[in-house]
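Enquirer: fold the following.
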Amino acid sequence: MIFESLTKAFDNALYNFSAANGIVMALENIDAPTSTDTPFLASFMLSGTVEEIELGVTERRNGIYQIDINYASHAGSLPLNQMADLLNAEFKRGKDIYWNDICVSIESVELSPLIVERGWATRSLSINWTADTPLL
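Expert: Numbering: from 1, shown residues only. The predicted structure follows:
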């Protein structure tokens, strides 16, 4: 259950963050609010490359955990940028996140340009990660 564990490591951390900061969280866009009156975060796991590290024992996996920050488009960029700053402080470069026997290391964090569409203003925070996992 490597993919599930990798996703859960971030989802659990994002769940705790959203509860502490009073913002709705929609995992893989499940239960995403449809009204722009409710700002929310949506998360997506994008797996990347896999390479063998220790012969027959360990693999190194890389990927991106994307968090979309969604606010009403008429609110401007201020609340999106403030939330991006909070998320960047929580998911900062060098931080390790654990789930079961997997440790995920955050390598870098990038912020996308602002996109306005269908009444929403959205910025995506891309968290580039690396994890050493057991070879299946």
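
Enquirer: quick check: buried residues in the helix or strand of the chain with the lowest mean pLDDT?
Expert: Sorting the helices and strands of the chain by mean pLDDT, DSSP states H and E puts strand 40-54 at the bottom, at a mean of 83. Burial within strand 40-54, assessed by neighbour count using 16 or more other Cβ atoms under 10 Å, is assigned to Phe40, Leu41, Ala42, Ser43, Phe44, Met45. For glycine as for every other residue, the C-beta is placed from the backbone atoms N, C-alpha and C.

Enquirer: next one: stretch 80-94
Expert: Across stretch 80-94, burial judged by 16+ other Cβ under 10 Å covers Leu80, Met83, Ala84, Leu87, Glu90, Phe91.

Enquirer: how close does the fifth one sit to His74?
Expert: It stands for Glu90. The gap separating Glu90 from His74 is 27 Å, by Cβ to Cβ, to the nearest Å.

Enquirer: the second one now?
Expert: Met83 sits 16 Å away from His74 when distances are taken as Cβ to Cβ.

Enquirer: and for the last one?
Expert: Computed with Cβ to Cβ, the distance linking Phe91 and His74 is 28 Å.
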